[in-house]
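Engineer: This is a predicted model, with the sequence first.
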Amino acid sequence: MTTRILLVEDDERLAGLTAEYLSRNDFAVSIEGRGDAAETRILEEKPDLVVLDVMLPGKDGFEVCRAVRARYPGVILMLTARDEDFDQILGLELGADDYIAKPVQPRLLLARIKALLRRAPGPAGTAGGEGELAFGRFRISQATRTAQLGDDSIDLTTAEFDLLWLLARHAGSILSRDDLLQQLRGIGFDGLDRSIDARISRLRRKLGDLFSRHDWQ
């Protein structure tokens, strides 16, 4: 089946050029120029991936991401202003799976989309690869891309699951930011990137809230 992408971008020329490029690479692309309308379309249409700009009329990209994240299981790739660390970190904190700086380089955007989709669950809710790890009552499965503590499922974005699985596979070992970035995004740590910090922070909050409600001993 053709992968469906919703491109949320209010610059009509940029949106048209980007959509044309992605369409030539076998994606079915639809465009939305308003944030408030994008929220409705994401929840109703359930595209496989959303490319979401930050600066939008109606609602900005952060508001849209916050509003849909709990109900939208697909991938969110945010477009942020170049060198704006705050935008990048906030997007990840709100549940975006990754970000790319504007102006967008088409080949880089395509590569990032393909990488995210390779890690995302397929239509049947499964993904390539096998394996399950257990630590007491905590279990994480690569086959189904799910994590559970006892009978409670842990709601994770694609990027959060990837990070948690990587950490679980290396339990007892120390992984640097460079290690994590190389394995998760294919880039080295430049001393400024805080995307891993933001994902770790989100995981700590989610796991901490759940673990605190359980008799973990």
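Structural biologist: Sure, I can see it.

Engineer: what does the longest strand seen in the chain contact?
Structural biologist: Ranked by number of residues, the top strand in the chain under DSSP state E is strand 75-81. Outside of strand 75-81, the residues that reach it under the criterion CB atoms under 8 Å, 6 or more residues apart in numbering are 9, 48-55, 61, 65, 68-69, 87-88, 91, 95-102, 104, 112-113, 116-117, 120, 157-158. (Glycine included, C-beta is placed from N, CA and C.)

Engineer: so what secondary structure elements neighbour the longest helix seen in the chain?
Structural biologist: With residue count as the measure and DSSP state H as the assignment, the chain has helix 195-212 as its longest helix. For helix 195-212, the helices and strands in contact under the criterion 3 or more CB pairs under 8 Å, 6 or more residues apart in numbering; DSSP states H and E are helix 85-93, strand 146-149, helix 158-169, helix 177-185.

Engineer: Please parse the chain into its domains.
Structural biologist: 4-119, 132-212 (automatic domain parsing).

Engineer: any chance of those in CSV, plus mean pLDDT and mean neighbour count?
Structural biologist: Rendered in CSV, the data for the domains of the chain read as follows (pLDDT from 0 to 100; neighbours: other CB atoms under 10 Å):
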stretch, mean pLDDT, mean neighbour count
domain 4-119, 89, 18
domain 132-212, 79, 16
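
Engineer: if we can go back for a sec, so what are the sheet partners of the longest strand of the chain and their directions?
Structural biologist: Strand 75-81 has its sheet partners listed here by DSSP bridges as strand 49-53 (parallel), strand 98-102 (parallel).

Engineer: Against Asp209, how distant is Ile154?
Structural biologist: Remark: distance between Ile154 and Asp209 (CB to CB, to the nearest Å) = 10 Å.

Engineer: Now do the longest strand of the chain against helix 158-169, angle only.
Structural biologist: For the pair strand 75-81 and helix 158-169, the angle between their directions (axes from the mean of the first three to the mean of the last three CA atoms, to 10 degrees) equals 110 degrees.

Engineer: change the start of the numbering to 28 and stick with it
Structural biologist: Shifting the count to begin at 28 puts that one at strand 102-108.

Engineer: quick one: strand 102-108 to chain centroid distance?
Structural biologist: Its chain's C-alpha centre and that of strand 102-108 lie 9 Å apart, by CA atoms, centre = their mean, to the nearest Å.

Engineer: same check, this time on stretch 70-78
Structural biologist: 13 Å.

Engineer: end-to-end on it?
Structural biologist: Counting by CA to CA, to the nearest Å, you get 14 Å between the two ends of stretch 70-78.

Engineer: how about the closest residue in space to Arg96 that isn't next to it in sequence, what does it touch?
Structural biologist: Distance criterion CB to CB, 6 or more residues apart in numbering; nearest residue to Arg96, sequence neighbours excluded, is Gly122 at 3.6 Å. Remark: with contacts taken as CB under 8 Å, 6+ apart, Gly122 is in contact with 92-93, 96, 103, 184, 229.
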